[in-house]
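Enquirer: model the structure of this input:
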Amino acid sequence: MENILNNKFINLDEVSTKYHQQYLNNKPFPHIVFDNFFSTPFLEKILEDFPKNLEKIGIKFEDKQEKKIASKNPDIILNNTNTLINFLNSYKFLNFLNNLSGMQETLIPDPYLWGGGYHELKNGGYLNIHADFNVHPQLELNRRINLLIYLNKNWKENYGGSLELWDKNMSKCVSKIIPTFNKIVIFNTNDFSYHGNPEIIDNPHNTSRKSIALYYYSNGRPRTDAKDEISHNTIFQKRPNSTDQTRTKIVFKKIFGKFYIRNKIKW
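Expert: Numbers count the residues shown, from 1 in each chain. A predicted model of the protein is given here:
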């Protein structure tokens, strides 16, 4: 089978050992950025697979917190992309993520790609700073790690759409990552891992910002990862001196294996 990974990253055991401490020590929360992680010819095929008409066949999210298009529909995920997703959900890659992150709990992939899959932002698109939903609504597992794969050739910072990682107090952006082709970002996700791409897309070539997202879960998580013991949806935050809108948090209570809406509060 054609190499999926760049030769530099073929030995994932060595890579996880080499970058483990860097992953843990990176601020504002554990994360790592790898350039040219995949074989370039292979990722070219993934870009070719990316739907040209996602705006028509995907789901549009458009409100004060986000403007994007997404789809996890398996019927539009072609063979090469399926090969990529299967690899990223394999034991070999899960073991890499566990060792890289140092998580004690065994990581579990999501065959449903809930909230993941194809993501696209056209000119005018954005995604405000947020903490992710923390429990998978079908599997009832705790969300632990995000993996983002960028597919944008010749993308410049002034086009907008950079991934921003913010500190726990939402006082400043600590890291800004330009979403260039064959760059991946892996990071812990919890109630304090505030991130997003709030700068509005303005690409003079009218090329959209494309990415693929996969999320990983575990059965249980450290108490320090959560503000309380409830599950919640995406929680949007307001940047200082901005017009960003926060979103009311929907709180769920787990009863007999199902989630019921308990109340709504501001977080």
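Enquirer: what sits closest to F133 if chain neighbours are left out?
Expert: Using Cβ to Cβ, 6 or more residues apart in numbering and skipping the chain neighbours, the partner closest in space to F133 is N233 (4.8 Å). Backbone N, C-alpha and C define where each C-beta goes, glycine included.
Enquirer: confidence score at the one you found?
Expert: N233 is assigned 91 on the pLDDT scale.
Enquirer: can you start the count at 837 instead of 1 from here on
Expert: Noted, 837 is the first residue going forward, which turns the last one into N1069.
Enquirer: run a quick neighbour tally on it.
Expert: N1069 sits with 18 neighbouring residues when counted by other Cβ atoms under 10 Å.
Enquirer: what does T919 give?
Expert: 17.
Enquirer: check the one 4 residues further on too.
Expert: Using other Cβ under 10 Å, the number of residues around F923 comes to 15.
Enquirer: can you give me the distance of the residue nearest to F969 to N1018?
Expert: 31 Å (Cβ to Cβ, to the nearest Å).
Enquirer: can you check N889 too?
Expert: To N1018, N889 is 24 Å away according to Cβ to Cβ.
Enquirer: and I893, by the same measure?
Expert: With Cβ to Cβ as the criterion, I893 and N1018 are 25 Å apart.
Enquirer: okay, helices next: where are they in the stretch 887-1036 of the chain?
Expert: 890-893, 915-924, 927-937 (DSSP state H, counting those that start in this stretch).
Enquirer: quick check: beta-bridge partners of the residue most central in space within the chain?
Expert: With distances taken as Cα atoms, centre = their mean, N982 lies nearest the centre of the chain, 4.3 Å away. Taking DSSP bridges as the rule, N982 bridges to F1023, Y1051.
Enquirer: would you say E850 is within a strand?
Expert: No - per DSSP: H, G, I helix; E, B strand; the rest coil, E850 lies outside any strand segment and is helix.
Enquirer: count the neighbours of it for me.
Expert: By other Cβ under 10 Å, the residues close to E850 number 10.
Enquirer: picking up where we left off before, what about I893 and N1018, which has more around it?
Expert: N1018 (22 against 14).
Enquirer: wait, isn't that one in contact with V869?
Expert: No - in this structure, N1018 is not within contact of V869 by Cβ atoms under 8 Å, at 11.6 Å.
Enquirer: and for these two, which residues touch both?
Expert: When Cβ atoms under 8 Å, 6 or more residues apart in numbering defines a contact, no residue borders N1018 and V869 alike.
Enquirer: if I look at the residue nearest to the centre of the chain, how far off is A967?
Expert: In terms of Cβ to Cβ, N982 sits 11 Å off from A967.
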